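**Student:** Could you look at this predicted model? Sequence included:
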Amino acid sequence: MTKTDPDPLGTDPLGTQRSDVRSAAQELAETIREIEDRGVSGAVADAARALAEEPTLQQTLDRVVELAMTMVPGCEAAGISLVSRGRIRSVSVSEPFVARGDALQYELGEGPCLDAIRLATVVESPDVAADVRWPRWAPTAVRELGVGSMLGVQLYTSADAHGALNLYARATGAFSEESVHLATTFAAVAAAAISAARTEEQLQSAVRTRTLIGQAQGMIMERYALSEARAFAVMSRVSQDSNVKLVDVAREIVSTRRMPGVDGPAGSAQD
């Protein structure tokens, strides 16, 4: 009986990612339906559909910021802060002063954005200068950036990655009850859209990685007359010995047509 080498990349390594994409898309579609069923502002429903059409994660993030500014009364500038693997960063901002305002919060460990991420669904400050909740951030934001009022709305995008939609205004009392209602409703749409876009991007990245590794694997099989599993084992060993990611080893093989660590194209791969 001829022994069949196992598929080193698995029978369907992208199955989970594909399932996640379908789930994220369904969640976004359900969010849109719920908004329409509740008779929420047509602008929010239109925004949901617009976000669903954005082709990449970054374009989705940028569109969220753009839509927030046009939809929420009183909002003069906006940004998104996301937390992933314990690190918080601003992934999209409409103005440089938003990036600075957010960065100050990260540096000082306080502010409406951080409170929206950690403590409450909605954090509003109608008069930042008079707000005692952030004794270091508030005076600096007013003095350096001219921030008058602020609205932070929590975003739930996944179990291990979340953040906040940060809305800035130079005037005090800029955000009305209607502003808060629209911002929270829109944040639910934005969170679903961001989650769907992130999941799709992860799938595309996995596909590209698998394709690249497969190309490198085929080149090694042909050059050194190795089986599929043995070629993959050689690549894995090179990755471990050089402390370089497998995908980067594959990229070098494909681009240089040489095995890292082997001198010249006539070299051989040893076990």
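**Tutor:** It's in. None of the values given here were measured: they were computed from a predicted structure.
**Student:** can you pull out the helices in the stretch 51-200 of the chain?
**Tutor:** Under the criterion DSSP state H, counting those that start in this stretch, the stretch 51-200 of the chain contains helices at 57-71, 96-108, 112-118, 137-140, 177-224.
**Student:** for the longest one, the distance to its chain's centre please.
**Tutor:** Shown here is helix 177-224, whose average C-alpha point lies 8 Å from the average C-alpha point of the whole chain (CA atoms, centre = their mean, to the nearest Å).
**Student:** tell me how far stretch 167-184 is from the chain's mean position?
**Tutor:** Computed by CA atoms, centre = their mean, the chain-centroid distance of stretch 167-184 equals 25 Å.
**Student:** Same check on stretch 125-145?
**Tutor:** Put simply, stretch 125-145 sits 29 Å off its chain's centre (CA atoms, centre = their mean).
**Student:** Identify the residues contacting it?
**Tutor:** 97, 100-101, 104-105, 108, 110-112, 115, 147-151, 172-175 (CB atoms under 8 Å, 6 or more residues apart in numbering). From N, CA and C alone the C-beta is placed, and that goes for glycine too.
**Student:** If you count neighbours, what's buried in it?
**Tutor:** S125, P126, V128, D131, W134, W137, A138, T140, A141, V142, L145 (16 or more other CB atoms under 10 Å).
**Student:** Output the residues you listed as a markdown table; include the columns distance to A231 and pLDDT.
**Tutor:** Putting the buried residues of stretch 125-145 into a markdown table (distance: CB to CB, whole Å; pLDDT from 0 to 100) gives the following:
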| residue | distance to A231 | pLDDT |
| --- | --- | --- |
| S125 | 59 | 97 |
| P126 | 64 | 98 |
| V128 | 60 | 98 |
| D131 | 62 | 97 |
| W134 | 57 | 98 |
| W137 | 55 | 97 |
| A138 | 60 | 97 |
| T140 | 57 | 97 |
| A141 | 57 | 97 |
| V142 | 62 | 97 |
| L145 | 56 | 96 |
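**Student:** List phi and psi for C75.
**Tutor:** Here the main-chain torsion angles of C75 (degrees, to the nearest 10) amount to phi -80, psi 120.
**Student:** For it, list the residues it contacts.
**Tutor:** A68, M69, L151, L167, Y168, A169, A174, F175, S179, A183.
**Student:** again, 6 Å this time
**Tutor:** C75 makes contacts with M69, L167, as judged by CB atoms under 6 Å, 6 or more residues apart in numbering.
**Student:** Could you check the pLDDT of it?
**Tutor:** With respect to pLDDT, C75 scores 97.
**Student:** for the one 4 residues further on, same thing?
**Tutor:** What the model reports for G79 is a pLDDT of 97.
**Student:** That one and A141: what is the separation?
**Tutor:** 13 Å (CB to CB, to the nearest Å).
**Student:** if we compare the helices of the stretch 51-200 of the chain, which one ends up closest to V244?
**Tutor:** Checking those against V244 by CB to CB gives helix 177-224 as the closest, at 12.6 Å.
**Student:** Between helix 57-71 and that closest one, find me the angle.
**Tutor:** Here helix 177-224 points in a direction 170 degrees away from that of helix 57-71 (axes from the mean of the first three to the mean of the last three CA atoms, to 10 degrees).
**Student:** Serialize the helices of the stretch 51-200 of the chain to JSON lines and add fields for distance to L51.
**Tutor:** What follows is the helices of the stretch 51-200 of the chain, written out as JSON lines (distance: least, CB to CB, whole Å):
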{"stretch": "helix 57-71", "distance to L51": "6"}
{"stretch": "helix 96-108", "distance to L51": "20"}
{"stretch": "helix 112-118", "distance to L51": "20"}
{"stretch": "helix 137-140", "distance to L51": "30"}
{"stretch": "helix 177-224", "distance to L51": "4"}
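**Student:** Deepest-packed of those helices, please.
**Tutor:** helix 112-118 (a mean of 23; mean count of other CB atoms under 10 Å).
**Student:** What mean pLDDT does that helix get?
**Tutor:** Mean predicted confidence for helix 112-118 is 94.
**Student:** So, low pLDDT: which residues of this structure?
**Tutor:** By pLDDT under 70, the low-scoring segments of the chain are 1-43, 45, 157-161, 200-203, 205, 261-271.
**Student:** if we go to 80?
**Tutor:** 1-50, 52, 84-85, 156-161, 197-209, 261-271 (pLDDT under 80).
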